[in-house]
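Trainee: Starting from these lines, generate the structure:
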Amino acid sequence: MDIPNAFVGKAKKPPDEEIAAALGPTAKVWFQLVEWLAMDQGVAIQEWKSISPKYGWSLRLKLKQRTILQLSPCNGCFRVAVILGDRAIKAARESNLPKSLMKLIDDSPRYAEGTGIRLTINRVGDLVAVRKLIQIKLAS
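Mentor: Numbering: from 1, shown residues only. Modelled structure (predicted):
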C-alpha cells in the first residue's frame with residue numbers, strides 16, 4: 001500500500017512548520033538524514049519539487065547536478081526514493097545489505113536511468129539501510 005504524500009493538492013511548497021507537523025515524530029529522523037547527507041557525504045543541495053499538486057511535494061538532495069535521493073513527506077513518516085545504476089546494483093549485490101533490502105531491489109522497477117528503490121521511513125533504525133544505499137550510490 002502506498003502512503004500518500006502529505007502535501008497532495010498544495011500548489012506552493014509547504015513551509016517548514018507544516019512539513020515538521022506532517023512528519024510528526026519522524027521529523028527528527030528526516031532532519032537527521034538531511035544533516036548526515038550534507039555533513040558526512042557532501043550532498044548539500046536541496047531542491048523542492050512538485051510535478052503536479054496531485055502528487056504533492058518532495059525534496060531532492062543533490063551532489064552538484066546529480067540527484068542522490070528524493071524525500072517525500074507523508075503523515076507520520078516519509079518515503080525515500082533512490083535510483084541505482086547498474087554499477088551500484090552490482091555493488092549492492094556484493095555488499096552485506098539485508099536480504100529484505102536485496103529482495104526490494106530485485107523487485108523494484110527498472111527505468112532507463114536505473115532501478116528505482118522506494119523505502120518508507122518510520123523510525124531512526126530505518127536509516128541504516130538508506131545510508132548503506134547512499135554510500136553505494138555515491139561510490140559507483
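Trainee: center of the chain - which residue?
Mentor: Central residue of the chain (Cα atoms, centre = their mean): residue 80, 2.2 Å from the mean position.
Trainee: Show me which residues of the helix or strand containing that residue are buried.
Mentor: Using DSSP states H and E, residue 80 sits within strand 78-84. Neighbour counts using 16 or more other Cβ atoms under 10 Å place 78-80, 82-84 of strand 78-84 among the buried residues. Every residue, glycine included, has its C-beta placed from N, CA and C.
Trainee: go on, stretch 62-79?
Mentor: Using 16+ other Cβ under 10 Å as the test for burial, stretch 62-79 gives 62, 67-74, 77-79.
Trainee: Sitting in strands, which of those residues do you find?
Mentor: Within those, residues falling in strands by DSSP state E are 62, 67-73, 78-79.
Trainee: Among the residues you listed, which one sits closest to residue 21?
Mentor: Residue 21 lies nearest to residue 73 out of these, by Cβ to Cβ, at 9.8 Å.
Trainee: Quick check: the two most widely separated of the buried residues of strand 78-84?
Mentor: 78 and 84 (19.3 Å).
Trainee: Need the CA coordinates for stretch 75-82. CSV is fine.
Mentor: Extracted as CSV, the C-alpha positions of stretch 75-82 are listed here (Å, rounded to 0.1, in the frame of the first residue of the first chain):
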residue,chain,number,x,y,z
ASN,A,75,1.7,11.9,7.6
GLY,A,76,3.8,10.4,10.3
CYS,A,77,6.5,9.0,8.1
PHE,A,78,8.4,9.8,4.9
ARG,A,79,9.5,8.0,1.7
VAL,A,80,13.0,7.8,0.3
ALA,A,81,13.5,7.2,-3.4
VAL,A,82,16.9,6.2,-4.8
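Trainee: Quick one: mean pLDDT over that stretch.
Mentor: For stretch 75-82, the mean per-residue pLDDT is 96.
Trainee: Distance from the chain centre to it, please.
Mentor: Remark: stretch 75-82 is offset 6 Å from the chain centroid, using Cα atoms, centre = their mean, to the nearest Å.
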